[in-house]
Each structure stands twice: as C-alpha cells, then as structure tokens.
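Peer 1: got a sequence here, can you model it:
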Amino acid sequence: DLHLSLRRQRQMCIRDSFRITPKILMKATFIHKISVLSCDLLYSKYNEKHDKKIKGVSFMSHELTLQEIDQFRSDFDNSRNQVVSRAAMRSGVLEASFNPAVTNRLNDVFSVEVETDNVTNQMQSGRCWLFATLNTLRHDFGKKYKAKNFTLSQAYNFFWDKIERANIFYDAIIDSADKPLDDRTVKAYMNFAGADGGQWAMAASLVKKYGVVPTSAMPESFNTNHTAGLADALARKERKDALVLRKLVQEGKTEEVEKKRKEFLSEIYRMTAIAVGEPPKTFDLEYRDDEKKLHLDKNLTPVEFFNKYWDINFNDYVCLTNAPDHEYGKLYSLPFEDNVNGGIPITFLNVPIEYLKDAAIKQLKDGESVWFGNDVLKEMDRKTGYLDTELYKTDELFDVDTYMTKAERLATGEGEVSHAMTLVGVDLDKGEIRKWKVENSWSEKSGRKGYFTMSDKWFDEFVYEVVVRKEFLTEDQKKLAESKPTPLPAWDSLA
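Peer 2: The predicted structure is shown next:
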C-alpha cells in the first residue's frame, strides 16, 4: 500500500531527522501535494551531511541513547524536583512561580496622570493598535470637551482598514508577479492577507483619510469582536485573487489586470459590509459631558467631525523605537505593513530606551496619553494587571538560566512587538521612575478595572515603541526624523 508506506516514511522522516529518499519524496509530492517549502526542507535535510563544520570545527549529529535517558532520570530524581513538580503540575507553571513581592511596589498611585475613566474591549481581535490610537484621541476629546467617558467606534476604522489593505495587497501582488510563489517576499504578502495586526501609522492613516465616528454611529458587531471568521474568508479570497492577477500580469494583459482589481475590491467591500455593516456617511453627534450637559451637532461627516473637534496633525508625531539588534540613530521604515496608499508611512526612529521614557514622560506631563508597542505576554498577570520582570520566577522553578538580552530576544524571535496599549500615567520620585500606569483594551475585568501597572524595568525589557510629539525629541533626533528611512524587509524583527 503506497499510501501506508508514505505515511510510515513521513513518520520516519520526522523521527529520524528527515532522512527520506528522493524517490519516496517525489511520490509523496505527487500524491499528498506536499508544499514546495516542505519539499525544499526535506531535500536539504537529505542532502545535508551528518558531519557539520562551523569555523573549521567538525560536529557529529547526536542521537539520544537509552543510557543518556537513564542518566536524565537519575539527575531528576531528588526531593527538590519532586516538590516543585507537584506544585507546578497542580497549579501550573506560572502560578507555581508567581512572585508575590511585586505587589508591594506595584500599587495604583501615580504622581502624573491623564484623567481617564472607562476602558475599551477589543475582545477576540487583533485590533489593539487601532484601539490604542483611538484611546489617545478620545482622551484628547474628553479633556477638551469635559467628556472623559466618550468613546469612538473601532468598527468604523476597522471597516476601512480591510478595504485599504486589500487594495495595497493587490498592488504588491501585481508588482511582484515576476517572482515565483515561493519567493520570500511573495510568501510574506500571502501570509499577511486578511490580517488584523497593525501599527500606529496604519491607524493614523485611516483616521486622516476617513475621519472617526462615535461608537453610537457604528457600534461593535459579532465580527468586529470576533474577527477570525472574516479574516479567514478575506485571506482566502485575496490569495485566490492573487493567483488570477499574477497570471494576467505574466500574460501582459494590463487592461484586464485593472478591470479585475476593481472587481475584486468591490467583492472585498461587499464581504466586509455583510460582516461588519456599512459605515455611515453622516451622523449626529450627541453626548452628555461630565457635568451632564447635553450636546448635539447634526449631520457631520466623519472627516468633518475629526477636523472640527481635534486639532491634531499626525505629521507632528514620531514613533521612537528601542531595537538594540538594529543600529541606533537611524530612521527605519516598514513598507511591507503600510495599509493605505498615500497614507502615513510606517517609520521608526531607533534610539536608546532612555529617550523613549523621557519623551513619554514629557507628553504625559503635558496632559496627553502615549501610544506604545510592547510584548505584553511576557511577565504579565492579566488578573492583577501586573507587568514586572520579576513577576514569575520560572528559572528558579526549573533551575535553569534562560536570560537573554533584548537584542538577543529580537534576533531569535523570542521578543516581538505583540501588542499596543496606552500610557496614561507615571509615578516619579525626585526624577526616578517608580512605575507606569497603562490603559489596556481587554475590558474592565482585567487588571484594576482595565488598567495595568508596569515596573520601569519591564519598560526597559519589553517596551519597543512609543509615539510622541516631535517637540519632545532632541535637536539631532528631530533632524533624523526628517531623514530618508532605511526600509526593512517583511521578515525583520520589528515587523
């Protein structure tokens, strides 16, 4: 039975470091349609010699022996390991290694705070970048018009993000049609199709072009709260469209390419409107301020609303980043993730971490909240809202050393910008930073009614980006912010 033998061969190739013959591989490729990437991987493993040389030194492939396993068992067999194993198995690794000492230094008192109240909830979606941006805008509105609980519709800008992303995706596919499908850049575009994640500049581009609306004008729906279904449908649609567009480009059918692009974009609009609802062209702004006074402004367009109620120029802002695996004192761009043609390009000014803190503090003291990108799943407790590098003593639990520098974490994929939140406070004592107040978008059920407390050391290790006004930069940094950026590839550690 060829299917059975192939199944066994595939099991063996995984078990035996991908030792598989080209003959069997060709049959597997034909019958099971193994991907090109898998084929390349298997062939490279087959052709690879067991003797590896690094800088002239030979290393032999290592096969575990039963004698080694016996030694591992013997090493593990002691009372200390038995005790911690029982605790970890019963409570879980994080609970068993939780460090209660952090409670004493992460109280909820701050010397500098932006006045805020309610929090938002992104639920099961990857829209943190959009929530954090709109949170900074609503806090500005709340301060100016004394309406601190005013909220903006994330669904509205989410809708336009899907349309704009599809448009720029089709551009990328057309531009790269001369490259094979297994090209690294083409595969990156395909993987990004239908995605939710984003950057501050992406949200700013959407607001600049389409404006904003209050939550009441376009409330959340099931598919904005739970985006997986729509994201999967859009990704599948866009990838299928990519095959059509690539073929037309390769055949030199320019007019047909543009015709199909418009057709595909109309279909993307239809899909998004069905799932999310169509965004309003106009709306009536009606709200009560903190003093319960009623306000009504009729028949506003979303762009009119933004231009009338906000005095913000997004070009006055810059994203400072701390990526020690990249050269400091340079401006980088990430064109792969730009979502709006003609919008605000994604750029990062890479500087040491102290400059991110200094600019953030200045902006907070000026009464404005700060968008920041971070790696929230590291050393975080959702229930208490603690963010502290000493929160979990997992190395002590396992008796190992897993410490890596920030640069090493980025270079190995251990570190990444996985989330965006909003800085709304800082606790200072004679210039020394004690802790930071963080507004998350995980509802009031997490942290202290939705707010997290972050140690300054956590800022050092797990904060990568802050968006601040250029006036808070040094003179040299202001010049760098206006320089020509160095583009980063889609697979860069900052992507």
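Peer 1: and the nearest residue to Glu113 once chain neighbours are set aside, its phi and psi?
Peer 2: Spatially, and ignoring its direct neighbours in sequence, Glu113 is nearest to Gly425 (3.9 Å; Cβ to Cβ, 6 or more residues apart in numbering). For every residue, glycine as well, the C-beta is placed using N, CA and C. Note on Gly425: its backbone torsions stand at phi -170, psi 160 [degrees, to the nearest 10].
Peer 1: so what pairs up with Gly425 in the strands?
Peer 2: In this entry, Gly425 is beta-bridged to Glu113, Lys437, by DSSP bridges.
Peer 1: contacting residues around it?
Peer 2: 110, 112-114, 364, 436-437 (Cβ atoms under 8 Å, 6 or more residues apart in numbering).
Peer 1: now it: how far from Glu368?
Peer 2: 12 Å (Cβ to Cβ, to the nearest Å).
Peer 1: just the buried residues of the contacts of Gly425.
Peer 2: By neighbour count, with 16 or more other Cβ atoms under 10 Å, these hold 110, 114, 364, 436-437 as buried.
Peer 1: Serialize those to TSV and add fields for distance to Gly126 and pLDDT.
Peer 2: Shown next, in TSV, are the buried ones among the contacts of Gly425 (distance: Cβ to Cβ, whole Å; pLDDT from 0 to 100):
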residue	distance to Gly126	pLDDT
Phe110	29	98
Val114	25	97
Leu364	27	98
Trp436	24	98
Lys437	24	98
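Peer 1: of all these, which two lie farthest apart?
Peer 2: Val114 and Trp436 (12.0 Å; Cβ to Cβ).
Peer 1: how is Arg434 assigned, secondary-structure-wise?
Peer 2: At Arg434 the chain is in strand, as set by DSSP: H, G, I helix; E, B strand; the rest coil.
Peer 1: so that it lines up with my notes, have the first residue be 7 from now on.
Peer 2: Taking 7 as the first residue, the last one we looked at is Arg440.
Peer 1: what's near enough to touch it?
Peer 2: 111, 433-434, 462.
Peer 1: by neighbour count, which of these wins?
Peer 2: Neighbour counts for those peak at Asp433, which has 21 neighbours (criterion: other Cβ atoms under 10 Å).
Peer 1: in the one helix or strand that one maps to, which residues are buried?
Peer 2: Asp433 belongs to strand 425-435 when assigned by DSSP states H and E. Across strand 425-435, burial judged by 16+ other Cβ under 10 Å covers 425-433.
Peer 1: show me what contacts Arg86?
Peer 2: When contacts are counted by Cβ under 8 Å, 6+ apart, Arg86 touches Asp405.
Peer 1: tell me the buried residues in the one helix or strand it maps to?
Peer 2: In the assignment (DSSP H and E), Arg86 maps to helix 85-97. Neighbour-count burial for helix 85-97, counted by 16+ other Cβ under 10 Å, picks out 90, 94.
Peer 1: what's the first helix or strand after that helix?
Peer 2: Heading C-terminal from helix 85-97, the first helix or strand you meet, by DSSP H and E, is helix 99-102.
Peer 1: pull the residues that contact that following helix.
Peer 2: 90, 93-94, 96, 387, 398, 400, 403.
Peer 1: could I get the buried residue list for that helix?
Peer 2: If you call a residue buried by 16+ other Cβ under 10 Å, then helix 99-102 has these buried ones: Ala102.
Peer 1: then stretch 326-337?
Peer 2: 326-332, 337.
Peer 1: before we move on, back to that, ok, so of the buried ones among the contacts of Gly431, who is nearest Glu297?
Peer 2: Of all the buried ones among the contacts of Gly431, the one with the least separation from Glu297 (Cβ to Cβ) is Val120, at 19.3 Å.
Peer 1: what about that closest one, distance to Tyr361?
Peer 2: Using Cβ to Cβ, Val120 is found at 21 Å from Tyr361.
Peer 1: farthest-apart pair in the contacts of Gly431, please.
Peer 2: Most distant of the contacts of Gly431, by Cβ to Cβ, are Val120 and Trp442, 12.0 Å apart.
Peer 1: Asp76: which element?
Peer 2: helix 72-82.
Peer 1: now that helix against helix 85-97, angle please.
Peer 2: Helix 72-82 and helix 85-97 are oriented at 90 degrees to each other (axes from the mean of the first three to the mean of the last three Cα atoms, to 10 degrees).
Peer 1: what ranges of the stretch 7-156 of the chain fall below the confidence cut-off?
Peer 2: The stretch 7-156 of the chain contains residues with pLDDT under 70 at 7-62.
Peer 1: tell me how far the helix or strand Lys268 falls within lies from the chain's centre.
Peer 2: Using DSSP H and E, Lys268 sits in helix 260-282. On the basis of Cα atoms, centre = their mean, to the nearest Å, helix 260-282 is displaced by 27 Å from the centre of the chain it belongs to.
Peer 1: which helices and strands sit right next to it?
Peer 2: helix 160-181, helix 228-231, helix 234-256 (3 or more Cβ pairs under 8 Å, 6 or more residues apart in numbering; DSSP states H and E).
Peer 1: run the angle between that helix and helix 160-181 for me.
Peer 2: Using the same axes, to 10 degrees: helix 260-282 against helix 160-181 is 160 degrees.
Peer 1: tell me which helix or strand comes right after helix 260-282.
Peer 2: Downstream of helix 260-282, the first helix or strand assigned by DSSP H and E is strand 289-294.
Peer 1: what strands flank that following strand, and is each parallel or antiparallel?
Peer 2: Note on strand 289-294: by DSSP bridges, its sheet partners are strand 300-306 (antiparallel).
Peer 1: if you average the pLDDT over the strand it pairs with, what comes out?
Peer 2: For strand 300-306, mean pLDDT is 98.
Peer 1: tell me which residues of that strand come out buried.
Peer 2: Leu306.
Peer 1: then stretch 235-248?
Peer 2: Residues of stretch 235-248 classed as buried by neighbour count (16+ other Cβ under 10 Å): 236-237, 239-241, 243-245, 247-248.
Peer 1: between these, which is nearest Pro285?
Peer 2: So of those, ranked by how close each gets to Pro285 (Cβ to Cβ), first place is Leu236, at 15.1 Å.
Peer 1: how much space separates the closest one from Val250?
Peer 2: Distance of Leu236 to Val250, computed by Cβ to Cβ: 21 Å.
Peer 1: what does Asp344 give?
Peer 2: To Val250, Asp344 is 23 Å away according to Cβ to Cβ.
Peer 1: who has more neighbours out of the two?
Peer 2: The neighbour count for Asp344 versus Val250, taken as other Cβ under 10 Å, is higher for Asp344 (21 against 16).
Peer 1: so that one sits against Leu212, correct?
Peer 2: No: using Cβ atoms under 8 Å, Asp344 is not in contact with Leu212, being 11.7 Å away.
Peer 1: returning to what we had before: what do Gly431 and Glu374 both touch?
Peer 2: Taking Cβ under 8 Å, 6+ apart as the criterion, Gly431 and Glu374 both touch Val120.
Peer 1: hmm, back to that, if I look at the residue nearest to Glu119, how far off is Gly373?
Peer 2: Taking Cβ to Cβ, one finds Gly431 at 11 Å from Gly373.
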